[in-house]
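> Sequence plus the predicted model coming up.
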Amino acid sequence: MLERAYSEHTVRSYASDLADLQQFAAGRGVSAVGGLDLELYRDWLWTASQKHLSKATLARRAASAKTFSAWLTRSGHIPADPALRLRAPRPDRTLPRVLSGDAVALLLDGLRERVGDGEPAALRDLAVVELLYASALRVSELTGLDVGDLDLDRRTVRVVGKGGKERVVPFGVPAHAALVDYLARERPALVARRNDGAAAIDALLLGARGGRLGTRAVYELVAHLLAEVPGSGPAGPHAFRHTAATHLLDGGADLRAVQELLGHASLGTTQIYTHVSIERLRSSYRAAHPRA
């Protein structure tokens, strides 16, 4: 896992899968890696499918097993890889949740009202959402930003994405204004809340106690904001990433430019947003055309 520079979340998921595999193998009387064979791997996946786990989870479990088995073979623990022919159902490709432009504007207006009312951390929350939407960042990329990653003159931010890959992404004038206000007016107050003697902190976004803002806090913020917004689907920070990508394509952005912005290794991953745009066009057509 570490060799491939997987994210912490992916490593935890794979570790959980392998712990479940170990427990399943032990139940079948297999206590050593030499006893792992294709039939056992298949039975493990089949048993998981009977628990009504999603196709995405089954696919990840298959990937965990194949990666582990390949490592056992490379490291000489087993003579041949029994998981080479292991297959799992392809994950269902559901369209991501995308907010309308009006919905995003209303959310941001609400956050600006909070700033005007002097609510604690309102400037930071506005900066969080503006940057999520402006630059289509993953939540881990957002919370991992340091002050030095910002270039306010060029309105860009240096991001360390999956696999430790760096990219530079732009953000717009509203996000720039929110960040400038946050850095000048609220971040110093959050820094002052750190414990006496605590080392200086480089993190851009800070929590209530002056430490680096965590991903859970961002999830809670976004979930609260999206709770009253019409529409189904996940209500996490990724909704803003999906929304930004779709709005860019709706506005005529080149698919490869959007791929670079998002930090996708494969163009095929980015193409899901073209399907979203087509579905939105179809919905508009059905709603507006008299002979739809």
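Structure's in. What do you need?
> Student question: in this structure, what's the helix or strand with minimum average pLDDT?
Least confident helix or strand, the chain: helix 272-288 with a mean of 66, by mean pLDDT, DSSP states H and E.
> Packing partners of the helix or strand harbouring L108?
Per DSSP states H and E: L108 is located in helix 101-116. Judged by 3 or more Cβ pairs under 8 Å, 6 or more residues apart in numbering; DSSP states H and E, the packing partners of helix 101-116 are helix 122-135, helix 215-226, helix 238-250. C-beta here means a position set from N, CA and C on the backbone, and glycine is covered the same way.
> which residues sit against it?
99, 122-123, 125-126, 129-130, 133, 174, 181, 225-226, 229-231, 240, 243, 247 (Cβ atoms under 8 Å, 6 or more residues apart in numbering).
> Listing request: residues of the protein with sub-threshold pLDDT.
1-7, 91-96, 196-199, 231-234, 275-285, 288-292 (pLDDT under 70).
> Give me the domain ranges for it.
Per automatic domain parsing, the structural domains of the chain span 2-74, 101-235.
> the helices in the chain, which residues?
8-27, 38-50, 55-74, 101-116, 122-135, 139-143, 173-181, 187-191, 215-226, 238-250, 255-262, 267-270, 272-288 (DSSP state H).
> buried sites along the second one?
Of the residues in helix 38-50, those buried by neighbour count under the rule 16 or more other Cβ atoms under 10 Å are L40, Y41, R42, W44, L45, A48, S49.
> Quick one: these as a markdown table, columns for distance to L150 too.
Below are the buried residues of helix 38-50 laid out as a markdown table (distance: Cβ to Cβ, whole Å):
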| residue | distance to L150 |
| --- | --- |
| L40 | 51 |
| Y41 | 47 |
| R42 | 50 |
| W44 | 46 |
| L45 | 45 |
| A48 | 44 |
| S49 | 46 |
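> Check these and tell me the two furthest apart.
Largest separation among the buried residues of helix 38-50 by Cβ to Cβ: L40 and S49, giving 15.1 Å.
> Tell me which residues of the helix holding L108 come out buried.
Quick answer for helix 101-116 (16+ other Cβ under 10 Å): A103, V104, L107, L108, L111, R112, V115.
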